[in-house]
Structures are given as structure tokens and as C-alpha cells.
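S.K.: what follows is a predicted protein model with its sequence.
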Amino acid sequence: MVRQAVRASPHVVGDARPRRLLALAVVGLLLLASGGFALGFDVGLSLWWIALAFGLAVAAGVAGAGLVPTVGSLWLVGCWWFAFPPFVGYLTGNWAGADRYTYPRMLGCGYETARAELIGGFEIGVRLGLQFAVVLGLVGYAVGMGINRSLLSR
């Protein structure tokens, strides 16, 4: 009874089961991508990742997982893009000779130490990951919610 009064809209927080499924899907996706990166596959920022993240947002909208969990989950994906490769480079010590251990950037500049590269990846990941999550999360969740409503109206 009290919980319904606190929850302003079912689309802000969402239902419990779809929220859990969204969290499991994102954790599984990031574990799969982390394993692929560790094995040497090219799993960096690409159009495929953006389409996959958008698909997660649409699926969350269809399932009613909630806008806040959707944006939060996509923020984790966005942060992973920028922070995980420098983290692996920092741990292995093989960051200087390979571009795969740097985060995606517009300019060709880099840092002088692995620690600075890692901190730069976290800083950019938090800032750009949030922008990525808000834009894709809002649009994707709205599309998914529209699909859900059109399916229910039939």
C-alpha cells in the first residue's frame, strides 16, 4: 500500500521481474564482452554495440523494466566501453604498445602512464557514458513502451 504511494509511475521504476531480467542481461553482456576482450577479440565501441544497447532499451520498454533502471544499465555499458580496456592494459602492463588498451577518443592524443590512461577512461566513461545512456535510454524505452501499448491494444 505504501509502496504504491511512493511510486509515482510504473514507467519510472518499473516492475521487479523485468528489472532483474534487465540487470542480468546487462551483466551477462558485459561479462561476455569482457571475456571476448581478454581473449583478443575486437569488442570496442562500434555501431553494433550501439544497436545492441538500443535493443536493450527497447526490450526494457516493452517489458516495463522502468526508465531509471534502463538508463542505469545503459550507463554501465557506456562506462565499460571507456574504462575496461585501459583497466586491462593497466593490469597487464601492456598498455603503451597497443591501441586496444586505450579508450575511444576523437583526437590521437594519449597519456604517458597506464594509471593516467585508466583515470582518463573512467572520467570520460562517466561523462560520455551518462550522455549515451540518457539519449539511447529515453528513445529506446519510449519506442519499447509504444510497442507494448500497440500490442496491448490489439
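M.R.: Thanks, I have it.
S.K.: any idea which helix or strand in the chain has the lowest mean pLDDT?
M.R.: helix 2-6 (a mean of 49; mean pLDDT, DSSP states H and E).
S.K.: buried set for stretch 36-47?
M.R.: For stretch 36-47, burial by neighbour count (16 or more other Cβ atoms under 10 Å) applies to 37, 43-44. Any C-beta I mention is one placed from the backbone N, CA and C, and that applies to glycine too.
S.K.: packing partners of the following helix or strand past the least confident helix or strand of the chain?
M.R.: Where DSSP states H and E defines the elements, the next helix or strand beyond helix 2-6 is helix 10-13. Counting contacts by 3 or more Cβ pairs under 8 Å, 6 or more residues apart in numbering; DSSP states H and E, helix 10-13 packs against helix 67-92.
S.K.: the same query, at a cut-off of 10 Å, please.
M.R.: Helices and strands touching helix 10-13, as assessed by 3 or more Cβ pairs under 10 Å, 6 or more residues apart in numbering; DSSP states H and E, comprise helix 2-6, helix 67-92, helix 114-152.
S.K.: how far out from the middle of the chain is that helix?
M.R.: Relative to the chain's own centre, helix 10-13 is displaced by 19 Å; criterion: Cα atoms, centre = their mean, to the nearest Å.
S.K.: how about the CA coordinates for it, as CSV?
M.R.: Provided in CSV are the C-alpha atoms of helix 10-13 (Å, rounded to 0.1, in the frame of the first residue of the first chain):
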residue,chain,number,x,y,z
PRO,A,10,5.2,2.4,-13.2
HIS,A,11,7.4,3.6,-16.1
VAL,A,12,9.9,5.4,-13.8
VAL,A,13,10.9,2.5,-11.5
